[in-house]
Each structure stands twice: as structure tokens, then as C-alpha cells.
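1. Got a predicted structure here, sequence first:
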Number of protein chains: 4
Amino acid sequence: MQFGIRVLGVHNGWNGLINSKVEPLTRYSISGILPRGGTILGTSRTNPLASDEQLQRIHENWRKYGLDALIVVGGEGTLSASLAMHRTQHLPIVGVPKTIDNDLNGTDVTFGFDTALSIATEAIDRLHSTAESHDRVMVVEVMGRHAGWIAAGAGIAGGADIILVPEHPFRISEICKILNHRKSLGRYFSIVVVAEDAHPHPDEPFLSDEESSSIYQHTRLGGIGHLLGKKIEQMTGIETRVTVLGYTQRGGAPTAYDRLLATRLGIKAVDMVRAGEFGRMASLRGTKMVSVPIEEAVESIKTLDDDLYEVAKVFFG
Amino acid sequence: MQFGIRVLGVHNGWNGLINSKVEPLTRYSISGILPRGGTILGTSRTNPLASDEQLQRIHENWRKYGLDALIVVGGEGTLSASLAMHRTQHLPIVGVPKTIDNDLNGTDVTFGFDTALSIATEAIDRLHSTAESHDRVMVVEVMGRHAGWIAAGAGIAGGADIILVPEHPFRISEICKILNHRKSLGRYFSIVVVAEDAHPHPDEPFLSDEESSSIYQHTRLGGIGHLLGKKIEQMTGIETRVTVLGYTQRGGAPTAYDRLLATRLGIKAVDMVRAGEFGRMASLRGTKMVSVPIEEAVESIKTLDDDLYEVAKVFFG
Amino acid sequence: MQFGIRVLGVHNGWNGLINSKVEPLTRYSISGILPRGGTILGTSRTNPLASDEQLQRIHENWRKYGLDALIVVGGEGTLSASLAMHRTQHLPIVGVPKTIDNDLNGTDVTFGFDTALSIATEAIDRLHSTAESHDRVMVVEVMGRHAGWIAAGAGIAGGADIILVPEHPFRISEICKILNHRKSLGRYFSIVVVAEDAHPHPDEPFLSDEESSSIYQHTRLGGIGHLLGKKIEQMTGIETRVTVLGYTQRGGAPTAYDRLLATRLGIKAVDMVRAGEFGRMASLRGTKMVSVPIEEAVESIKTLDDDLYEVAKVFFG
Amino acid sequence: MQFGIRVLGVHNGWNGLINSKVEPLTRYSISGILPRGGTILGTSRTNPLASDEQLQRIHENWRKYGLDALIVVGGEGTLSASLAMHRTQHLPIVGVPKTIDNDLNGTDVTFGFDTALSIATEAIDRLHSTAESHDRVMVVEVMGRHAGWIAAGAGIAGGADIILVPEHPFRISEICKILNHRKSLGRYFSIVVVAEDAHPHPDEPFLSDEESSSIYQHTRLGGIGHLLGKKIEQMTGIETRVTVLGYTQRGGAPTAYDRLLATRLGIKAVDMVRAGEFGRMASLRGTKMVSVPIEEAVESIKTLDDDLYEVAKVFFG
């Protein structure tokens, strides 16, 4: 208790406020969590506005626990729902931006992203270290449902040869051309980083209907990496291997950068609560903590910066 | 040059001795390689005994470079060929055991294994750290063509819930039973580690002919993990995610354990050369470096120890 | 060669331009350096303006190598000298900010800092993980000659209990008061992070003249951490242990963040050369690459942000 | 509960059995501890045999908790006391060898050692990566009170130039001779690894009485590294920097090797309890778990193997 504020933790997002899963957070209960990935509070995809009954229970619990404000931590979905709760239910809410995908507007960066980036980069490093041992194409599938931040960032940081992002549909013929060109220069080893939601240009589909539907249904099982690897091998004749990082990118000890960012955002959020700045989100701008309207953050997905995409392409081939 | 010995490095295995890719290894040329994965000498799958012409060129180069002995570093394939060269061509050869798969007899452990183990374990750790965030089954596909050492070792070290190895065909019904049992106890989060060559028991195949043939042809593309994940999701209704570590397990900075082991094996190999112990392999037994006949190492694959498999099963469910 | 530009690497800073240690940098010569710490070009503390003879040789070599522009990578010292060379010798120079200390103005952050931060944070994590095993005060001495960025950043990210920085002289009595207070609450384990140049407040010196002079002469040998540890033990009676990270903070694989930043700065520097923006430095502002006058970067040391220092103090006690 | 065995955890060693700090260990209470360093049970240096009153309380608690056997985890001190309790008090005790120092007989290796080794090696790697940036001697002080296992192991794995261990008193003149020789060959960068308890040969002391007494009193504050660094700088004129790893070597996520070893030892210890093999210790011999008399483990400190010391010296100079 600092500033005379009592802090409660709500479990599993809005679900916890509906079902009374609320517990005090004390110095003791949070001891030791700094270096751990994941969340001690759990998550859910509960939409608080789904029914009047839910809303009623939220208001009841709000009174029962004597809440003065709610700090909501999450990405686009969570913050959008929170904004609606603020507007329609008049709940005093402050947002904190968190998503490994970095696809949220209103802030320079979201926490979780730097850790995902570092894990994906480390994987690329490991593949690189076998370059002299193996003449192969290595395909690495990384996260990125709507935006290519992880693919571009890790691809640049890890020195990938080709980087495929959802924002820019790829042509398999161009990929093979680059790989064959490298081979002609004596470079048999190439690394292709592909975001899970990257997809072929409609002008040049390389998937059968069945494959395409399989990807659509099972992208989270890591479809695109394997299909791409198979296609590259067929078209270039170069042996290809596939790595799918999957949820390893969401876990592990957070980087120092992410911890520092998260700590600063948390302190800013408390300052915002004390100042009554509701309906707004704590945000990093340059080196400073600021507050921005939540709507600024959620009105559209923050897709990959053009500048960064240009950097990603500089090293192609 | 120590003990008056000049050291040459042969590039790309037997291929280098056939095609005269041989260079002096000096303190300067090897400076800085200790913390790096892979090999500065490259590899190939060249079989030296494939033709008389090759054998002739090997003998010519042997004389040309004034070789007194050859230290061969590798796994079952490399050492078998080397033993044949020693026996039929009378080349004075000393072997050093190296494979990340640890499936070589004649030594307690091979170098490369501890590093692969540590990478796979770290991936499982990262998945674990999101256990409270997500109610899911996580499938992790690790290397292990003929033996389940990495799967069992990393599965135990990482606290996996189910471990599938090539030595013991699995029944998908049993896997789902364990996962459903865990779910009934309120544990929605489970980790399944599967070796790339693990396969269903013939009594209970779960693959269509097409899938099976697809795996057969493309195992290295990470087939089993995805097929297993798909099946688990279908049969249990629990969301499933897949990670395929692939070649990341072969790279990265070697662990201290592997470097210490490799250094000691290297020194032992030099001692063996000086003592004329040819046709033998440097080996770790307990804490000591010994020499064993190469044939002891290669007469059969070292499959997973029963004791270790029992440990792997202790934590099931 | 891209944009028709040939790139040469100058070894050991200005020394290389004086002594003709200049070599082409090609895709081949830089292959594999991305994940490596340190520099392949070496460093020196040579001041180019120290003598007319040196200046003459720099101009000679400039002509000899046909240079059109010089990209200079470094911290305050390097950039100050470069600005002087630009002004007095009219050399077309572009600066790139690099120092692990992050004490350079004109840019949000310098590359190298995030890596040092991550290494120091990891060390604090390791100390934390023994908290339940040991009732002790752990003193961790980190780098930071003029500014407390690493101490504050790693201290916050690692959850240190007390953080001492050069910008704010400390009182040993206050430190011991906090440690004793924690002990009275049953927390025998505390972590104190101290920047190498942190020093006691003149009102409350705790060093004998001899100790003080010893630190003055040998700070780089890690003086303050040990003296502080000794004093804490004497004054509180709590066992104290000391870790001095030293140059480990300067090495190792750079973080993804640092590599991405360095790559973007490098590309920006090339853009600046092509645009003729000399006497200026590539810089990160928010998420954008910009150029700023070098003098803006070097006119004063960038000391620790007050906001961040307040964050560091939030968790005291 | 497996095999019908209920497991209790005793806090703070013998202290917990004296003061009734005993709690059930369940799947839930130990969930998530695998990747964490330290111990959830705490430690103490309580000697159970110190008084009759203590012994009486231990017997009382033994009956109160209905204990059938006690599994004791620790190094030389803990196991010696346990052996005495087994012999004089007839308690059915099984030992498990744990010490980062690896200085325990009766087993090939103790758990904790591989993790300490990996942390120390990583530190040396980081120093190496700055070799081209800096012309310096780097002194790294590592743990090792009675034995040089960590110094020798990490020194070899990290490619140190000089390794100093407690078992072999060093001569400062020899060290400087090697460093000067390296300098004469153009190698200005050297790494010296020194165990905390390494000491100068009596024939050639380099410490003043005051320094010597200071080390004696404050070795744990990291004395020898700094004194050695200072001396090297004085005698060779080469700039010297010091890193003292301290307790960072005791913490952090354990390596996969250590976790696998600890898990197997734990299972073996349970098997020994069930088989009534008391007064004995679980032990690794080669690849097998065996049991040995505790007295075999504790009759003397296991000092550094001569073979390994020879390896450490191979790379000198």
C-alpha cells in the first residue's frame, strides 16, 4: 500500500470481475514474478458486454470490492472492450498496452514484443551457426497474425536473407529466384523468416485449395512454414528445413527492456488513476511516459512501418 | 605446434581428402571458435569407399600432405566408414564421437548432445511459463531420428507431461486419455514432447495412408508434431499448439559441458595418435577419458536407456 | 557494393587512418559478425588532432584511399574529436552513437546499452533466485562512469532494493537504515546495485583517505562494490557478498534490440552520406531515424533521467 | 502420492526438524520449480548434534510427523552431520549429493556444478568477445573454496589463458612471464581465471601482511581477484580489469544437465528409501544411478582431478 491505495488483482480478465475472482495483490503475493513470463492473473477472452447479466454482475462486484478504478492490461481486443465499458458503463478505466505482436497504435512499442523478438532472433542465430555445416534453406515461422513486426525485427536482427510479412503478399517465384541467385554465388545456405499469417500474392497462389483451407483452419498449428518449405524444395531442389517457434515466443524470462517498459507503464497507470485520467492508455513516446486516448490505440491495427520494411529488404539476396 | 605435431584441417569430411581441401590449423585460424556452434571445417556425406578412383586420390593426398594419422570426428556413419578405411586401406585413424543425438555406443555421451538438450529444455521452459495464461496442449517436436535421448532428456528436465520416443510406439488413445484425465483434475495445460521419428503403434495407427506417406517423405519438415497436434485437438477438443525446433537444436553456442567434453576428447585423440592406438575411438567413461575399438561404437545404435525411459514415465499424467 | 558505394573499414579508430590500416569491408569479410560482441575493427583512444603530423597523414590517407565521407561510430570522446575534425579539417563526417553507458545526448538511446542492461539484469535475477537459500545483502557493481543508466535500468528490471548512481551521492547511513528496516520485516535478503562511479555524499564520507585514494586510482578494478559491501557488513552485521560484473557487460551476443538499432543507424548513416548531411549524427527519436548536429550529442553528458530515478526509488525498502 | 508414500518438506535443514517447520510437498506446492534456481525449502547451517535438547526435539518431531525416512540433500557438511545422525541416533537417512563446488567424493559429479560452470563460462565468453576491442588482461574470480573444479572447467570451456586453482599455489612471476610472452607475440588480450581460494606459493608471496589478512577475513568479498589484478598491472604494465562473479554462480535457471541429474538422483533416493538402503547416498557413476555409503562421500574433499588440471595447463601461454 503506497499513496494509500489498495491493489486488487482480477483473475482471467473480465471473467474475474463477473465471477468474483478477485484477490489482494501484496508485496508478498507478487514477490519473485519479475523474471517470469506469462501472467499470475491468467487471461480469458470474455467479452464483458456480451449480456446484461454480465454487466450487472460487474457493477455488483465493482461495488462489493469498493473499486475506484480499473487498470486493464492487454492488446487491441482487451482495450476495445475496455473503452466500450468506459463509455457505456462509465467505469473509470486506464489502459496499459501489452501484446507481443506490437500491432497496437498509440504507443511506440508494446511490452512483450522485445522478448518475442529476442527469442526469434536467437533461433535465427542458432540456424546461422550451422551455415558452414549444411547447404540448406532454413525456413523459420514466427508469430504475427496481422502484422510483421516480429518477422521483420528478428529477420533484420538475425540477418535473415528473406523476410515475409502479412502486409506484403509474397510471390513464391521471387523467393526461389533469390535463393537460386544465392546458390549461383556459392551461398547454399539461406534463411527465410515467415510470419504465421504471411500469404502468397493472389496473382501467384502456390497452395492447392485443400492446402489453403488447411492453413485457414490450422494456421496456429504452423501451416505456412511447412507449406513454404515444401514448395521451396520442390521448386529449387535445395534441401529445406523448417522451424516453427510457436508459443515459445510468448514465454520465458522477459527481457530487461520489457521489464523496464512494463514497470514504467505500470507506474504511469497509477499516476493516471490518481489524476483521474480515465478512458486513456499509458504509453511510451520516445523516452517519456505519456497518456493517450484508448481510442487512438485501437482504431486500427499498427502494421509494419514502411521504413522498417525497407530495411528488411536491403539485405535481400 | 605442440609435441612437434603439425595439424591440418580437412574440409567437408572425406570429400576434402579426395579433393585436396586441406589447410593448416593454427592457433590463429582457430582463434575464437570455442563459443561458436557448427563447424569451421564443414561436413559432407561422402563415402570414401564409393569408388577406386576416390580411394586412389585419398592415398595420393595422404602422401602429398605427409599425413601420419587421421582424427575423424562424427557419428555412426562417419565412424563406420572410418573403420572400414582403417581395415581395408590400413589408414591410421582415431575416432572422436560427435552427434547431437547421443545414439552412439562405446561412450557415456557424445558431444553436441548436451547443447541440443539445453535448447530443447529451454523451449519447454518457455512454454511452461505461459501455463497460467493459456489452457492448451503444447506439442514440441524435437530431434531424434533413431533414438529418443533428446526427447526423454529434455522432457524430464523441462517437466513435460507426455514424452514420445522412437523406441516405444505410442497409442494416440492413451495420450488423449492422459490429457483428458489432467483436464478432469483442472489442469488444462499439458506439454507433449515428441521425437521427430516417434510413430504410432501399428495396432492403433492414426494416420491416413496419405499422411503417413507424407511423414515418410517429409519427416524433416516436421511432420509428426503437426499431425499429432491436429489429432489431439480433434480427439480431446482441447486447443493445441505446435512448436518444431528443427535445426535450432544443432546450433548456438555449445554448453560448457560440451566444450569441456570436446576439448578432453580432442586431447585424448592426440594422445592416442602419439601412442599409435589406431582403429579406436576416444571415449568418456564416468569421469575418465579412455579409448575403445571403433567397432564397439558402431555395431548398433545406442537407443534410449530403459532407466531413463522409466524416469520419463514417472511424471506422466 | 550497393548504390555504387565502396565501403572501407578503418582499424582502431583515427589510428587506422593515421597508420594506413584500412581494408575493404565486403559481404564476405563481415559475414557472421551480427551475433558477436565487440568490434572487428578494433578501437583506440587516438586523438587525431594531437599533432600536425597526424593531421597531415590523415589527409594523405584520405586522398590515397579516395574517401568521400567518413562514418564514425562511438561515444562522447570519439564524436567530439570527429566534430573537431569536421570543423577544422573540413572532413565530411557522419556520426553514429555507440556507448554501453547511454550517456550521450541527441538520441533516445545508444546501441550497446540494451545489451549491457540485459547482462546486468540477468546477474541480478541469478542473485534473486538464491534469496530463499541465503539471508544476505548482495552488492552488485555495474558499469556507469558518469551516469547511472545501467544501474537504474538493471536495478528496476531486476527488482533491486537499493540503487546507487553517480548523479546522486549516497549516504551509507540511509542505506543501512533501509537494510535494517527490511530485516525488521523479516526480509534478510536485499540487493544493492551500485554504479562503478557512485560515491558517498561529502556530508557523510565512509571511506578513509587511503580507501578513497585507492578507489580513485583503481575504480576500474572494482573498488566501490567491495568497500560498500565491507561497510554494510560492519554497520548492519548482515553477511554481505559482492559481485563485480566488469567487462562482461561489454561483451556477448548483442540483444536483438541493439542489433536492430545498430542496423537502422547504419543505414541512416549511409543515407546521410548520400544526402551530404555532414557534421551530423544518425539518431533514434521515438520510432524514427533522424539526423541531429553532432554538437547536440556531445555538448554535455546525458545523465540519468529524473523520471527514471524516481521509478528506481519507488521500490526502495 | 505415488507408491503410497507421503512426502513432507523440512524447511531450513535440520533447523526445520528442530523447530517444526515441516509441510507437505504436493504436486501443487512444487509446481513450476523445475526451472528456478535456489531452493524452496531454505537452508541453514544448524548442526543437529549441537545439544541434547535439539536431538530430543528432532526425535519428538520425527514421531509427531510419523517419519519413516529422511532424504538429506547437501554437500560435505550436511552429509557428514547426516551420517552422524544415522550412526548415533539410528535415523534412517538417505543422502543426495548437491554442491556447486563438485568437491564431494562418492559420485562422478554433484548437481549444481554444471550450472555454475555454465555461468562462469558464459562470463569468460563475454570477455573474449571484446578481445579485439581492448588490449588488456581480464581477471575473472570464480567460486571454489577448497577445489578448483569451476575454475578449471570454466577456464577450459571458455578458453582462458591462465587458470589458478586452490590445489596448486601460483607464482606471480610465472603468471607475469606468460602474460609478457603473449604480449611479445602480439597478443595483448589475456584472460586469467582464479578460484576464490587460490593463493600464492609460500616461496613467492605477493601480498603484504595487511593484504593477506584482509583476504583471509574477506575472501567472500572477492579479495584475490582484485589483489591479483593490481599486482599484474604493477608488474607487467598491462591494463587489467577484474570481474568477480560471486553468488551469480549459485543462481539462475539450472542447466538441463543439472535438472536431469537432480531428478534422477531424487528418484534413486526414493528407490533407496523403499529398499531400506540407509546411511547411503544416491550417486552417479558413468551413466548409472547407484548407491554408495555416505562415508565414502565425506571422508575427504574431492580435489581437482590431475587429468583435468593437465588439460587446463595445455593451453597456457
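-> Structure's in. What do you need?

2. Please, where are all the strands along the stretch 101-250 of chain A?
-> In the stretch 101-250 of chain A, the segments counted as strands under DSSP state E, counting those that start in this stretch are A:137-142, A:162-164, A:190-195, A:240-244.

3. what about the third one and chain C, touching?
-> No - contact of strand A:190-195 with chain C (Cβ under 8 Å from any Cβ of the partner chain) is absent, the minimum separation being 11.4 Å. Yep, even glycine has a C-beta here, placed from its N, CA and C like the rest.

4. What parts of the stretch 151-300 of chain A come near chain B?
-> Residues of the stretch 151-300 of chain A found near chain B (Cβ under 8 Å from any Cβ) are A:218, A:220-223, A:225-226, A:229-230, A:240-253.

5. PyMOL command to pick out the buried ones of the residues you listed?
-> Of these, the buried ones can be selected in PyMOL as follows, counting by 16 or more other Cβ atoms under 10 Å in any protein chain shown:
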select buried, chain A and resi 218+220+221+222+223+225+226+229+230+240+241+242+243+244+245+246+247+248+249+250+251+252+253
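
6. so which of the strands of the stretch 101-250 of chain A is the most packed in?
-> Each of the strands of the stretch 101-250 of chain A was assessed for mean neighbour count using mean count of other Cβ atoms under 10 Å in any protein chain shown. The highest is strand A:137-142, with a mean of 30.

7. coming back round to it: want to throw the strands of the stretch 101-250 of chain A into TSV with mean pLDDT and distance to chain D?
-> What follows is the strands of the stretch 101-250 of chain A, written out as TSV (pLDDT from 0 to 100; distance: least, Cβ to the nearest Cβ, whole Å):
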stretch	mean pLDDT	distance to chain D
strand A:137-142	96	22
strand A:162-164	96	26
strand A:190-195	96	22
strand A:240-244	93	19
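
8. so which of those gets nearest B:D307?
-> B:D307 lies closest, by Cβ to Cβ, to one member of those: strand A:240-244, at 31.3 Å.

9. What is that closest one packed up against?
-> Helices and strands in packing contact with strand A:240-244 are listed as strand A:137-142, helix A:223-236, strand B:240-244; criterion 3 or more Cβ pairs under 8 Å, 6 or more residues apart in numbering or on different chains; DSSP states H and E.

10. make it 10 Å
-> If you count contacts as 3 or more Cβ pairs under 10 Å, 6 or more residues apart in numbering or on different chains; DSSP states H and E, strand A:240-244 packs onto helix A:113-128, strand A:137-142, strand A:190-195, helix A:223-236, helix B:223-236, strand B:240-244.

11. Not counting residues beside it along the chain, what's closest to A:S190?
-> Nearest non-adjacent residue to A:S190, counting by Cβ to Cβ, 6 or more residues apart in numbering or on different chains: A:D161, 4.4 Å away.

12. The one you found reaches A:Y188, doesn't it?
-> No - because the distance of 11.5 Å does not satisfy Cβ atoms under 10 Å, A:D161 is recorded as not touching A:Y188.

13. If I look at A:S31, what pLDDT would I see?
-> Residue-level confidence at A:S31 comes out at 82, pLDDT.

14. residues touching it, list them.
-> Listed by Cβ atoms under 10 Å, 6 or more residues apart in numbering or on different chains, the contact partners of A:S31 are C:H128, C:A131, C:G159, C:R187.

15. A:L34 too?
-> For A:L34, the contacting residues are A:253-254, A:259, A:262-263, C:121, C:124-125, C:128, C:156-159, by Cβ under 10 Å, 6+ apart.

16. still on that earlier bit, could you list which of the contacts of A:S31 also contact chain D?
-> When Cβ under 10 Å from any Cβ of the partner chain is taken as the criterion, the members of these that contact chain D are C:H128, C:A131.

17. so which of the contacts of A:S31 comes closest to D:E299?
-> Closest to D:E299, out of all of the contacts of A:S31 and judged by Cβ to Cβ, is C:A131, at 33.6 Å.

18. got the strands of the stretch 101-250 of chain A as JSON lines, with distance to C:A269 columns?
-> Converted to JSON lines, these look like this (distance: least, Cβ to Cβ, whole Å):
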{"stretch": "strand A:137-142", "distance to C:A269": "28"}
{"stretch": "strand A:162-164", "distance to C:A269": "22"}
{"stretch": "strand A:190-195", "distance to C:A269": "25"}
{"stretch": "strand A:240-244", "distance to C:A269": "33"}
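
19. D:P97: which of those is closest?
-> Taking Cβ to Cβ, strand A:240-244 is the member of those nearest to D:P97, at 37.6 Å.

20. could you check the angle helix A:113-128 makes with the next helix or strand after that closest one?
-> Read in the C-terminal direction, the helix or strand following strand A:240-244 is helix A:256-275, with elements assigned using DSSP states H and E. Orientation of helix A:256-275 against helix A:113-128 (axes from the mean of the first three to the mean of the last three Cα atoms, to 10 degrees) gives an angle of 170 degrees.

21. quick one: helix A:256-275 near chain D?
-> No - Helix A:256-275 lies out of reach of chain D by Cβ under 10 Å from any Cβ, never closer than 14.5 Å.

22. mind saving the C-alpha coords of that helix as CSV?
-> Once side chains and other backbone atoms are set aside, the C-alpha atoms of helix A:256-275 remain, and they are given as CSV (Å, rounded to 0.1, in the frame of the first residue of the first chain):
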residue,chain,number,x,y,z
ALA,A,256,15.3,-6.2,-19.3
TYR,A,257,13.8,-3.8,-21.9
ASP,A,258,10.3,-5.3,-21.5
ARG,A,259,10.5,-5.3,-17.7
LEU,A,260,11.6,-1.7,-17.6
LEU,A,261,8.9,-0.7,-20.0
ALA,A,262,6.2,-2.7,-18.1
THR,A,263,7.3,-1.2,-14.8
ARG,A,264,7.3,2.3,-16.1
LEU,A,265,3.9,1.8,-17.8
GLY,A,266,2.5,0.4,-14.5
ILE,A,267,3.7,3.4,-12.5
LYS,A,268,2.3,5.7,-15.2
ALA,A,269,-1.0,4.0,-15.0
VAL,A,270,-1.2,4.5,-11.2
ASP,A,271,-0.3,8.2,-11.7
MET,A,272,-3.2,8.4,-14.3
VAL,A,273,-5.6,6.8,-11.8
ARG,A,274,-4.6,9.3,-9.2
ALA,A,275,-5.0,12.1,-11.7
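
23. What residues sit buried inside the helix or strand just after that helix?
-> In the C-terminal direction, the helix or strand that comes right after helix A:256-275 (DSSP H and E) is strand A:280-285. Residues A:R280, A:M281, A:A282, A:S283, A:L284 are the ones in strand A:280-285 that count as buried (16+ other Cβ under 10 Å).

24. could you dump those to CSV with pLDDT?
-> As requested, the buried residues of strand A:280-285 are exported to CSV (pLDDT from 0 to 100):
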residue, pLDDT
A:R280, 98
A:M281, 98
A:A282, 98
A:S283, 98
A:L284, 98
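
25. wait, which of those is closest to C:V193?
-> So of the buried residues of strand A:280-285, ranked by how close each gets to C:V193 (Cβ to Cβ), first place is A:L284, at 23.1 Å.

26. end-to-end on stretch A:250-257?
-> Taking Cα to Cα, to the nearest Å as the measure, stretch A:250-257 stretches 15 Å from start to finish.

27. what does stretch A:94-109 give?
-> The distance separating the two terminal residues of stretch A:94-109, taken as Cα to Cα, comes to 17 Å.

28. Could you do stretch A:99-111 as well?
-> From start residue to end residue, stretch A:99-111 stretches across 6 Å - Cα to Cα.
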